[in-house]
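1. have a look at this prediction, sequence included:
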Amino acid sequence: MAQNFAHGNYSHTQKNVRNGGGGRTPADRLRRELSQNFLADRHAVELMVKAAAPEGLVLEPGSGPGVLTLALAEAGARVVGYELDPRLAGRLASRTRDDPRIEVVRGDFTAARAPREPFAVVGNIPYSITSRIVDWCLRARELTSATLLTQREYARKRTGDYGRWSLVTVSSWPWFDWRLGDTIGRESFRPVPSVDSAILRVRRRPEPLVSDRGSYLELVELGFGGVGGSVRASLRPRYRGVDAALGEAGVPRDAVVGHVHPDQWVRLWRRLERR
């Protein structure tokens with residue numbers, strides 16, 4: 001299966017797929033369809049819990065057999081786990097029936113209604129729907145943080161670890177801080193996937209860095225539009241004083257869009273909006 005690095009959709013399963021799925025059980029086929037690779041390393045679970053620092057209400061996409069679910073509850077969280085696999089959802093619900101800290105929902109996390117109270121999201125998520133889960137989190141008004149175990153390449157790209165920044169990160173930066181956490185090797189999962197993972201931490205800021213969402217997003221989307229090949233060329237047709245703003249923000253005149261740090265986008269917005 002081809003990997004779409006532009007949108008962050010990746011296969012969370014091993015690459016070697018035999019024609020027709022011969023020899024696989026129904027459980028094997030369902031595991032592949034749902035992109036299931038379960039944490040089998042206690043230390044990796046501990047790293048996730050430490051990064052999330054869970055308290056209050058926590059939503060967990062893809063609870064699976066419940067290894068992380070139980071650890072989050074033990075750390076003091078009230079956990080609502082979402083699981084599409086009816087077998088796994090039933091087993092976990094039965095196992096935790098008498099535990100008031102845990103609720104198991106059989107269903108699609110991305111179709112769930114966001115709580116109206118502050119909550120966090122913590123999960124070892126399927127790579128095939130990483131972008132959908134991240135988008136859901138960014139839209140949820142009461143979300144305080146999301147601690148997600150994703151493909152390492154995805155986490156590095158979203159946090160600027162390659163020296164480049166994506167539209168998703170830049171456009172949400174005034175409201176959310178993105179951090180790259182510990183690497184979790186592929187050997188920590190069963191079945192073993194073809195790539196390593198990393199902890200991605202997205203935390204809502206106490207106060208936004210900009211006062212007008214619409215004008216900031218307009219600036220960023222125009223910059224990422226790619227007209228002329230540089231940020232300067234993209235912004236000059238729409239804004240006056242672009243050269244001065246670039247200088248104040250420390251952005252070279254020939255800078256391409258992906259090389260501009262999100263904090264520099266905020267400084268550009270402040271300078272251009274007060275002209």
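-> The structure has been received and is ready for your questions.
2. show me where this structure has its strands.
-> Taking DSSP state E, the strands of the chain run over residues 38-39, 56-61, 77-83, 102-106, 119-124, 143-151, 176-184, 189-190, 197-204.
3. looking at those strands, which is closest to residue 247?
-> Nearest to residue 247, of all the strands of the chain, is strand 176-184, at 26.1 Å by CB to CB. C-betas here are computed from N, CA, C, even on glycine.
4. contacts for the closest one next, please.
-> For strand 176-184, contacts defined as CB atoms under 8 Å, 6 or more residues apart in numbering pick out 41, 44, 47, 51, 138, 147, 149, 152, 155-156, 158-161, 169, 172, 196-205.
5. how close does the residue nearest to residue 236 when sequence neighbours are not counted sit to residue 234?
-> Leaving aside its chain neighbours, residue 236 sits nearest to residue 242 (4.9 Å; criterion: CB to CB, 6 or more residues apart in numbering). Separation of residue 242 from residue 234 (CB to CB, to the nearest Å): 9 Å.
6. equivalent analysis for residue 187, please.
-> 44 Å.
7. more neighbours: these two, which one.
-> For residue 187 versus residue 234, neighbours defined as other CB atoms under 10 Å are more numerous around residue 234 (22 against 12).
8. could you double-check that that one sits in contact with residue 221?
-> No: if you go by CB atoms under 8 Å, residue 234 and residue 221 don't touch, sitting 9.8 Å apart.
9. centre of the chain versus stretch 225-243, how much separation?
-> 29 Å (CA atoms, centre = their mean, to the nearest Å).
10. what is the distance between stretch 79-95 and the centre of its chain?
-> 22 Å.
11. what's in contact with it?
-> 27, 30-31, 34, 36, 57-66, 69, 72-73, 101-109, 112.
12. what average pLDDT does it get?
-> Across stretch 79-95, pLDDT averages out at 97.
13. just the buried positions in that stretch, please.
-> Judged by neighbour count using 16 or more other CB atoms under 10 Å, the buried positions of stretch 79-95 are 79-85, 88-89, 91-93.
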